[in-house]
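1. Below: sequence and its predicted model.
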Amino acid sequence: MRYLRSTLDEFSTWKWSMLFVLLFIFGSSQRQLLIQSSITIQSSLNQWDILIGVSGDPMILLYLILPFMMLLSILTIRETWNSTYFIRLQSWRNWMEYTITRFAPVVIVSTILIMITSLLLTLGLPYEANWSLFSTADLSTFNQISSLAKASNLSPYFILILQMGILSCFLLSLHALMASFYLYFSNSMYIGIISFVLYVYSLITFRYFPEFPKLIIFNYMTFASSYGAYHAVYPAFVTTIGIIIMAIYIVPLLKKWR
C-alpha cells in the first residue's frame, strides 16, 4: 500500500506533465513517419504498429527518455546519500536496495506515460486483434520494428507487456549502475561525467556500430531491438537483472572490503 502511494505521489509531480507533452510531440512525429512508411510499402497499419513503434522508437528512448531518466537517477542518488539514511540503513547493501526501491516509482510512472501516449496516438487507426499487413510485409527500414516483433511469433499483447518490462528493467539497471559508481566516487562531478560518458556511448554505438549489436545499449531497451540482436528476448532481461543483482549484492561487498 505504501509503495502504491509513493507511485501515485510521483505521478502528481510537475515534471511528468512536461515529459508527457514532449512524448506526445516526439510520438506524433513517429506516428506520421509510420503512416508514410505504410503508404510507401502499400501495407495498412493497425494499433499495434503505433503502440510498439512509438514505445520502441529510438528517437524517443535515446534522445528523450534516456537523458531525462539519467537526470532523475542522479537526483535520487544524491537525495538518498545522506547521514540520516546511513544511520537507519546501516549497510551499503541496504542503501543500494533503498535507492533502487526509491527509483522504481519513477520508472513505473515513465513507462505508464509512454504507454498512455502510445495509446492516444492510435486514435483514428483500425483496432485489430492480430498483426497488420504492415508488420507482415517483408522486413525493411520502413517496418523494421513491427516486422522484428512479428518475427518472434508471439502475440502483440504479450510483446507489448515484454516491451514495457524490458524498458523498466533497463532503467532500473541503469540507476543501479550509476548508484554503484556513486558508492565509490561520492562526488557530483564524477557521477555527472560518468552519466555523460554513458549517454554519449549509447548514442555512438547505436549510430555507428551496428556490426557489434551486443555492445549497443539500445538493444537492451526494447523488445524489437533485443530480438533483432539475439533472436531471443531473454538476454536483455538476463543482462539488466544481472546488473541489478550485482549492484545489490556484489558492489557493496567490494566496497566493504576496500
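-> It's in. Residues are numbered from 1 along each chain as shown.
2. show me what contacts the closest residue to Y220 other than its chain neighbours?
-> Closest residue to Y220 apart from its sequence neighbours, by Cβ to Cβ, 6 or more residues apart in numbering: A236 at 4.8 Å. All C-beta atoms are positioned from the backbone trio N, CA, C, and that covers glycine. By Cβ atoms under 8 Å, 6 or more residues apart in numbering, A236 lies in contact with I166, C169, F170, N219, Y220, M221, S226, Y230.
3. likewise N153?
-> Applying Cβ under 8 Å, 6+ apart, no residues contact N153.
4. Give the burial count for the nearest residue to W92 once chain neighbours are set aside, as a bare number.
-> Counting by Cβ to Cβ, 6+ apart, W92 lies nearest to P252, which is 3.6 Å off, once chain neighbours are set aside. Other residues near P252 come to 19 when the count uses other Cβ atoms under 10 Å.
5. Show me the contact partners of the host helix or strand of P252.
-> P252 belongs to helix 251-257 when elements are defined using DSSP states H and E. Applying Cβ under 8 Å, 6+ apart, the contact partners of helix 251-257 are S91, W92, R93, W95, M96, S180, L183, Y184.
6. Skip the chain neighbours and tell me the closest residue to I191.
-> I191 sits nearest to Y182 (Cβ to Cβ, 6+ apart), 5.2 Å away.
7. Contact partners for that neighbour?
-> Per Cβ under 8 Å, 6+ apart, neighbours of Y182: I77, W81, Y190, I191.
8. The last one: what secondary structure?
-> When you say that, I think you mean I191. What DSSP: H, G, I helix; E, B strand; the rest coil gives for I191 is helix.
9. Can you pull the poorly scored residue ranges out of the stretch 1-150 of the chain?
-> 1-12 (pLDDT under 70).
10. number of nearby residues for the closest residue to S180 other than its chain neighbours?
-> Leaving out its chain neighbours, the residue that sits closest to S180 by Cβ to Cβ, 6+ apart is V251, at 4.5 Å. Residues within reach of V251, counting by other Cβ under 10 Å, total 21.
11. So for V251, what's the pLDDT?
-> pLDDT, V251: 86.
12. Tell me how far it lies from V54.
-> V251 is 35 Å from V54, where distance means Cβ to Cβ, to the nearest Å.
13. Also L203?
-> 20 Å.
14. the more surrounded of those two?
-> Shown here are L203 and V54; by other Cβ under 10 Å, V54 has more neighbours (27 against 16).
15. Skip ahead from the strand or helix carrying the more buried one and say which helix or strand is next.
-> Using DSSP H and E, V54 maps to helix 47-55. Scanning forward in sequence from helix 47-55 by DSSP H and E, the next helix or strand is helix 58-60.
16. So for that following helix, what gets flagged as buried?
-> Within helix 58-60, the residues that qualify as buried are P58, I60, counting by 16 or more other Cβ atoms under 10 Å.
17. again, but for stretch 98-109
-> Result for stretch 98-109 [16+ other Cβ under 10 Å]: buried residues T99, I100, R102, F103, A104, P105, V106, V107, I108, V109.
18. Thank you kindly, that will do.
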